[in-house]
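Visitor: no sequence on this one, just coordinates:
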């Protein structure tokens, strides 16, 4: 087995030879990466290879894709695969296909090749490196067959990189042990799901259901196993684990995320932010090591607002943000929040909940690890990202009113078409939010997610058109400037077209910029892994938004696969990326330990 | 009472004096119209006054509007109205308001004035000249209060013109007797309505219901009363009336329109085209006059496609276009078309229906009078329009597929937003259809009438967007060029944005250009009334489209009120406009009589 030192010291030909078989029949990739040595980490080597692929001409990339065999294809049948491919296709059970599965895969191969012009590439060893099932392989194949050529081309390259990553792990004899540990916790926690979802194999854990309570007990038990000094479920159902500092009365670093899920959600949303620091505590406890500060890891009971209208019930309680009026909110079965709390064994008193409020003076700050829930890290081939701000947002519901009239008899210059007015607005939002200059350095997103001509008829000029607006930015002033421009444009469009409109603000959330010192700690942690830094806003809300009200905070994002999809069973990461996030968290602890020493 | 000869011969001051009181406190209008003399008809005088109002500066128009009293307002209470206004407000019963009605009208006056800055103007004597009820006045007031200032400004001027028209009728001692006759037939026929609609005061007459059969019997009876030589209901339910020529075996002019309605439709759509020629036959028969050709007036049983999917059942049968497969179509209650025919006493055999086919050699051609069902004549202040072509049309249903993603976390430059793509398409359709040059002389309309992001969420970038396309033009080549451009643009938008799409053609109808000789006959008929010609395409389909397959055809349009709305209870005309259409039809008959003599 080679070492990084050997790799760094080797001549170019030797370097290529040492990496032989990493990228299928494509030594040019290693040759291009050779110039980027020395590598301080395996992660850096992997990234250099990925960059070499990304920076190659498209023809070379297409050649790389085409150098791969079809899944369960002719090469497998004729036993002419590379040794690596043989291992992978055998491990995934593809060589043991039923006749029906084999026929289905041949059809998919033919359809895919006919549509895209290259073979379907899938890292069959999967995100945990353990091998997908044949059912999973066929389902993924069917899904990706419906994608767009440009998206699928990029996806094939990403799967080739993932195959290379796993082959490099084998070659260097390393395993992402901490990532696997977190992965396995996520997997095991996902056995708990609410009734009606569990039976369909869907993950749904809403506030204070039996599955939710089982999750809390499981996390608490794992915390104890990891070596936390304290682990308990608090009055709103949060699981709180404490690993004391060398001096048990020293200040604490607060961290964590939520373990509830949306309906039919993913296994990593929230939960990574509990298990990543748990893996760090496990390492510290095994080494008998104490830090100059305590570590308090909270599994927040509720963030998603699925069972009750209220959201951030868990993290809100820690900053005194629990609204007494919530106690009488009803779920879909008519159960009041207070009754749900009592049924779960909680006191359900406002005093007990008020007592959860943390004294900021006793904490250094709050950090949170979260899966990105967006496409950015996946597209730029980076496992980790540094959050600069949790975006402020504004939401509106609107309607434009024109005059419904006959589509055949109303000349174009005599129309009062409500839908074309909203079409103009949607394109304006797209352009204005995407504008780089004039945003005062803040980045924006703007979305018309709901769009409808109520009772529209094919032969009637739309008299009404309803729409929603979701506007977000890294800072409140930039968000507000965006909103003012969009509102003014809507008024101008309607004035010009002779239309009426209504626009109602239904939600306003302040931006939560990362505390610079804490953002820098995450940056140093990522740099310690020899990975490039990527700073990015968080477009989604997170528990850190709540803690932001009481103490400095900063977040670390972990790349999501499948286009970064979230709130969906396709949400995924790899144990390698998760492993890097654990190591980044450990580096942040070390950094902080040096500061506090 | 003045005569047209006096009016034409008068000095300018005398002319103004003769017309005093026509336009409230605004002699400048008569002064401006004086230069347009001589007038060959009262209609031409009315039109000259209307033009004078339209060509005045906006300030003068606003002054004219403000010269009018409020309805049931202070001037009425203090008895300081002009004599004309006093008559009108008294005739409409406004002076006999209940305290509650009076209070409601004061509130409406105040709200209207506050919104628009001028008093609400309504021709309270209504479209038949007979006086609206207080309920009708209040309902109209409430509806128009929600309009746009520019639309309402124009509507007030139109009502002032209508008030002036009624005052001129009084001044000259004329009455639109033929128009009133047609109006009253429309009113009386509207007492028949399908169950469920009748009770709500809504007009719905669908194919072969009891109300439909009652309408047929009523029309047949009126035809006999008018002096038709033959009147019968045929095998598909059409009412066919024949007024023989001097030689009963001479060729016939075919005319007519449909008497079925859409659900909750108007009283004039279709029916005008039966009653206008009936009024002409009534005049001919009273005078004992025979033409050198026969006149065959058909009340078509079905055009709207409301009860069965098939449309143009009535006129289609006359051109051999009855599809035998229609016999098994079911209505919403599961009643087959053949069974509905039998229940209505028809033989329901294909032979009987085939026998309805007309031999084109026995007909001179087909003409049809129809309410415009569009805004054009109303906006340009003309009672009649000459149809140049019934537009050809193409309809599509489409869907754009992108990638649904998180509205917060997906940067603007990484989106695959299906809705903004459709927004681009909708704006392209609007622009391309409205383009004057490059349409090879044909005029187009294009409409996205259905538009929806299925299950759209405020915080999700639209992954799908469904839409409809309705494209029409005066000629098939111009329609097809429009459709080709729209399809190409959709493909280009989706290619540029990296999206998939589907587009399915669901309807294709050929254009039916008017036969030049018949269009010219309508033009001479309108010119004989000393009215300006306005040539226009028909955007809606009509029975004439079917007859076009067998013989030359041309149509005459009658202005619709209330923005030309149709397929709606607000559909309306005036008995004065209808009277002009009867006189135009009579002029066409005279013209044709001279040709055939």
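Guide: On my side now, so go ahead. What you see is a predicted model; the values in this text were computed from it and never measured.
Visitor: for the rest of this, base every contact and every neighbour count on C-alpha atoms.
Guide: Noted.
Visitor: any idea how many residues pack against residue A:19?
Guide: A count of nearby residues for residue A:19, using other CA atoms under 10 Å in any protein chain shown, gives 19.
Visitor: and what of residue A:486?
Guide: Residue A:486, neighbours per other CA under 10 Å, totals 21.
Visitor: tell me which helix or strand the spatially closest residue to it that is not a sequence neighbour sits in.
Guide: Counting by CA to CA, 6 or more residues apart in numbering or on different chains, residue A:486 lies nearest to residue A:429, which is 6.5 Å off, once chain neighbours are set aside. If you go by DSSP states H and E, residue A:429 is part of helix A:418-434.
Visitor: stretch A:391-405 - what's its average pLDDT?
Guide: If you average the pLDDT over stretch A:391-405, you get 94.
Visitor: near chain B at all, it?
Guide: Yes. Applying CA under 8 Å from any CA of the partner chain, one finds that stretch A:391-405 is in contact with chain B at A:391, A:395, A:405.
Visitor: right, and the last one touches residue A:461 too?
Guide: I take that to be residue A:405. Yes. Residue A:405 sits in contact with residue A:461 when judged by CA atoms under 8 Å, with a separation of 5.1 Å.
Visitor: and for the nearest residue to residue A:541 once chain neighbours are set aside, the neighbour number?
Guide: Take residue A:541 and drop its neighbours on the chain: the residue closest to it by CA to CA, 6+ apart is residue A:390, 6.5 Å away. Residues within reach of residue A:390, counting by other CA under 10 Å, total 28.
Visitor: likewise the one 5 residues further on?
Guide: As a burial measure, the neighbour count of residue A:395 was computed by other CA under 10 Å and equals 21.
Visitor: likewise for the one 5 residues further on?
Guide: Counted with other CA under 10 Å, residues neighbouring residue A:400 total 24.
Visitor: quick check: angle from the helix or strand containing it to helix A:418-434?
Guide: For residue A:400, the host element (DSSP H and E) is strand A:392-401. Following axes from the mean of the first three to the mean of the last three CA atoms, to 10 degrees, one obtains 160 degrees for the angle between strand A:392-401 and helix A:418-434.
Visitor: strands paired with strand A:392-401, and their directions?
Guide: With DSSP bridges as the test, strand A:392-401 is paired with strand A:464-473 (antiparallel), strand A:500-509 (antiparallel).
Visitor: could you pull out the buried residues of the last one?
Guide: With burial defined by 16 or more other CA atoms under 10 Å in any protein chain shown, the residues of strand A:500-509 counted as buried are A:500, A:501, A:503.
Visitor: can you put those residues in JSON lines and add pLDDT?
Guide: Shown next, in JSON lines, are the buried residues of strand A:500-509 (pLDDT from 0 to 100):
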{"residue": "A:500", "pLDDT": "95"}
{"residue": "A:501", "pLDDT": "97"}
{"residue": "A:503", "pLDDT": "98"}
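Visitor: just those residues now: which is nearest residue B:86?
Guide: Within the buried residues of strand A:500-509, the smallest distance to residue B:86 is 35.7 Å, found for residue A:500 (CA to CA).
Visitor: need the contact list for the closest residue in space to that closest one that isn't next to it in sequence.
Guide: Leaving aside its chain neighbours, residue A:500 sits nearest to residue A:401 (5.1 Å; criterion: CA to CA, 6+ apart). Contact partners of residue A:401, counting by CA atoms under 8 Å, 6 or more residues apart in numbering or on different chains, are A:418, A:463, A:464, A:465, A:499, A:500, A:501.
Visitor: for residue A:414, grab the count of nearby residues.
Guide: Neighbourhood size, residue A:414 [other CA under 10 Å]: 14.
Visitor: and the residue in the stretch 151-300 of chain A that chain B sits nearest to, helix, strand or coil?
Guide: Closest residue of the stretch 151-300 of chain A to chain B, CA to the nearest CA: residue A:151 (8.4 Å). For residue A:151, the assignment made with DSSP: H, G, I helix; E, B strand; the rest coil gives helix.
Visitor: find me the pLDDT at it, would you?
Guide: pLDDT for residue A:151: 91.
Visitor: with the one 4 residues further on instead?
Guide: Predicted confidence (pLDDT) at residue A:155: the value is 96.
Visitor: quick one: it from residue A:24, how far?
Guide: 16 Å (CA to CA, to the nearest Å).
Visitor: got it, and residue A:404?
Guide: Distance of residue A:404 to residue A:24, computed by CA to CA: 61 Å.
Visitor: try residue A:382
Guide: Distance of residue A:382 to residue A:24, computed by CA to CA: 22 Å.
Visitor: and what of residue A:420?
Guide: As judged by CA to CA, residue A:420 and residue A:24 stand 51 Å apart.
Visitor: quick one: which of the two has more around it?
Guide: residue A:420 (27 against 20).
Visitor: identify the residues contacting the more buried one.
Guide: By CA under 8 Å, 6+ apart, the contact list for residue A:420 reads B:423, B:426, B:427, B:430.
Visitor: who's the closest residue to the last one other than its chain neighbours bridged to?
Guide: Just to be clear, that refers to residue B:430. Leaving aside its sequence neighbours, residue B:430 sits nearest to residue B:446 (CA to CA, 6+ apart; 6.3 Å). Counting by DSSP bridges, residue B:446 is bridged to residue B:471.
Visitor: give me every residue that touches residue B:446.
Guide: So residue B:446 contacts A:407, A:412, B:429, B:430, B:433, B:469, B:470, B:471, B:472 (CA under 8 Å, 6+ apart).
Visitor: show me the two of the residues you listed that sit farthest apart.
Guide: Farthest pair in those (CA to CA) is A:412 and B:469. Separation: 14.3 Å.
Visitor: so for those two, which residue has more residues nearby?
Guide: residue B:469 (28 against 22).
Visitor: let me know the pLDDT of that one.
Guide: Note on residue B:469: pLDDT of 97.
Visitor: the stretch 301-450 of chain A: strands as residue ranges?
Guide: For the stretch 301-450 of chain A, the strands defined by DSSP state E, counting those that start in this stretch occupy A:363-371, A:384-390, A:392-401, A:405-406, A:444-447.
Visitor: so which of these is the most surrounded?
Guide: Mean neighbours per residue, mean count of other CA atoms under 10 Å in any protein chain shown, is largest over those for strand A:444-447, with a mean of 29.
Visitor: circling back: most neighbours among the contacts of residue A:420, please name it.
Guide: Neighbour counts for these peak at residue B:426, which has 28 neighbours (criterion: other CA under 10 Å).
Visitor: tell me who's in contact with that residue.
Guide: So residue B:426 contacts A:420, A:423, B:447, B:448 (CA under 8 Å, 6+ apart).
Visitor: most widely separated two among those?
Guide: A:423 and B:447 (12.8 Å).
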